[in-house]
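Student: what's the 3D shape of this:
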Amino acid sequence: MIKRILIITALLLTGLALAAEPFDERLAAFSEKEDAASANAFFQTLLDEEFLDEPLVFGPDTPLDRLREQVWYWAGEYFYDRAEYQQSKEFTLKAMPLITDETEKADALSLLSLTNVRLGNYDDALMYAKECYALDDANGDPDRISSSLNTIAGICLAANRPQEGESYILKALDVVKKTGNTAREAVLEGMASEIYHAMGDDAQALEHIDKACRLDEGTPRAIIRQTQKASVLLGLHRWSEAEEILGGVLPVLRASPDRHSLGIACNKMGMALLSQDRDEEAARYYSEAAEIFSEMGDIYNEVHARRGLYEALWTLDPDEAKRNLDRFDYLKDSLYSISSAEMLAKYNAEFGADELRAESRAERQGRRLATLLVVILAILCTVIALVMGARHRRQARINRQLSADIEDLREKYRRLELLPAAEEKAMNEADRLFLERVVGAANDLIAEGSIDATTLSSRLGLSPFQFRQRLTDLTGETPQAFVQTLRMRRAQYLLEKHHELNISEIAILCAYSDTPNFTRAFKAKFGMTPTQYQEQLKAASAR
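Tutor: Coordinates of the predicted model:
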């Protein structure tokens, strides 16, 4: 019996060891084989890691460049999430020449800009961010435009050039007000607050962060907004108000896996207490921050913590204060640029971490046994291929069943919601009828499963140039942006009204060939994934 237990234990330990890094194993397997089966196994691992909402599956006839493009791009996304920024950059750069879709290219450029910020390459980061903005601006989608402007502003902030970032963030705020996207507006208001705080204009910073707090009230992002507000209040020397806010923030951060934001908040609490001559209390928070940043290798923020400890302990424990001063001097001398490091730390904690991550990668990896994965993935590759065929047939049936709902949507657009820009104009009857025809034809194409501006113009009997000119004159939007708005409204409607549909089904019903692209587009529009949107709806209905 003991021998059997030992054998089972050994097998389990072997399995756990093999499962330690399934992502790296699947990526290596694809690099070796470069076929659809190994690509599907790679994406199944991302699904198991809860990195994707739905599986991304390719058939055996998928072109090799498409497989490489998708695997390498998503490897870049995953490495970025894992804070392995150099590898994220390398894989995204490999994917870039293969990407033909302009929206996907803009996503890759955005990822490269953020990765270069993390690596401290601010000139490269700005270059990629501005290329991304150029694509988004040409596409005409105000949500994506405001997002890319926000990224440029954040990079300027990280590079200690807040005056340059000011013009970008103000332009982004002007654009986002046309969309009604309050989640995006809250992010932009938070960034504006950060920029004015860095410029020393804390009165202006407070106005922006108060707007962000109101917009994000009751959401998971509220905790980040409160942390930002505490920074501004410290800049205004309103120590007790900052302390009160941080007192509510810290318990939430301690319960989350976001150690970096916790360390930032501890440093801020230490500053608030030290400024009120409460040295012993301040020392406890600075000590916690120093421990966190030392473990993470975050030199700049550890410098702040060590300096705070030195000041707090000077009268309490001079010897310990001297040790922290020595550590402070050592770390300070090793910094390449204190100012850029400061902005990078702020960017990483606040601009780049807009939602607290509630997942623990170690726990997720520990749940799986690689010895079972080999068998399961082999079965899944076969089963998924069969299921996808049945799923596509189901989509056609669902589309027919939803015809009445789609007609309701059409009528809704005709009566109320052609587009905000169109409603502001006093249109003649011919123009209004034209827009109704555009909406109707676009919805038909979406229901058929494929839509683009050229096909839509052909369906309306116009040349692409004539169609673009007339639609832009009436709405202020390009055909691509107009179509994207309709697809996202349709997605929002289906998520709200048809709870029996899963995310991949809704993606297909909105004319997306794969779920990850749908998820990226939805998040760019609404500031959250479709799954998060569903969960928010459930929480609201429960109240």
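Student: I'd guessed Gly248 sits against Arg225; true?
Tutor: No - taking contacts as CB atoms under 8 Å, Gly248 lies outside contact range of Arg225: 11.9 Å. Placement of C-beta: from N, CA and C, glycine included.
Student: look at these two and report which has more neighbours.
Tutor: Neighbour comparison, Gly248 and Arg225: the larger count goes to Arg225, with 28 against 11 (by other CB atoms under 10 Å).
Student: now do the domain split for this structure, please.
Tutor: Structural domains annotated on the chain: 220-359, 403-542, as defined by automatic domain parsing.
Student: could you dump these into a markdown table and include distance to Ala129?
Tutor: Formatted as a markdown table, these follow (distance: least, CB to CB, whole Å):
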| stretch | distance to Ala129 |
| --- | --- |
| domain 220-359 | 13 |
| domain 403-542 | 15 |
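Student: please identify the most buried of the ones you listed.
Tutor: Highest mean neighbour count of the domains of the chain: domain 220-359, a mean of 19 (counted as mean count of other CB atoms under 10 Å).
Student: avg pLDDT for it?
Tutor: Domain 220-359 shows a mean pLDDT of 78.
Student: in contact with the closest residue to Arg254 other than its chain neighbours, which residues?
Tutor: Once flanking residues are discounted, Arg254 sits nearest to Leu262: 6.2 Å by CB to CB, 6 or more residues apart in numbering. Leu262 makes contact with Leu250, Leu253, Arg254, Ser256, Ile292, according to CB atoms under 8 Å, 6 or more residues apart in numbering.
Student: if you set the cut-off to 7 Å instead, what comes out?
Tutor: Neighbouring residues of Leu262 by CB atoms under 7 Å, 6 or more residues apart in numbering: Leu253, Arg254, Ile292.
Student: could you check which helix or strand contains the last one?
Tutor: Which is Ile292. Following DSSP states H and E, one finds Ile292 within helix 279-296.
Student: ok, now the first one?
Tutor: For Leu253, the element it lies in under DSSP H and E is helix 239-254.
Student: surely Val175 touches Arg144?
Tutor: No - counting by CB atoms under 7 Å, Val175 stays clear of Arg144, with 9.8 Å between them.
Student: when these two are compared, which one has more neighbours?
Tutor: Neighbour count, other CB under 10 Å: between Val175 and Arg144, Arg144 has more, with 26 against 20.
Student: any idea how far the nearest residue to Leu236 once chain neighbours are set aside lies from Tyr196?
Tutor: Spatially, and ignoring its direct neighbours in sequence, Leu236 is nearest to Asp202 (4.8 Å; CB to CB, 6+ apart). Distance, Asp202 to Tyr196, using CB to CB, to the nearest Å: 7 Å.
Student: okay, and the residue nearest to Leu246 when sequence neighbours are not counted sits in which element?
Tutor: Sequence neighbours aside, Met269 is the residue nearest to Leu246 in space, at 4.5 Å (criterion: CB to CB, 6+ apart). Per DSSP H and E, Met269 falls inside helix 259-274.
Student: show me what contacts Asn121?
Tutor: For Asn121, no contacting residues are found, by CB under 7 Å, 6+ apart.
Student: quick one, phi/psi of it?
Tutor: Dihedral pair for Asn121: phi -90, psi 80, per degrees, to the nearest 10.
Student: quick one: stretch 475-492 to chain centroid distance?
Tutor: In this view, stretch 475-492 has its centroid 21 Å away from the chain centroid, taken as CA atoms, centre = their mean, to the nearest Å.
Student: let me know the average pLDDT across that stretch.
Tutor: 85.
Student: list of residues touching it?
Tutor: Residues outside stretch 475-492 that contact it (CB under 7 Å, 6+ apart): 139-141, 409, 419, 421-422, 439, 442-443, 446, 451, 453, 456, 467-468, 471-472, 506, 510-511, 522, 525, 530.
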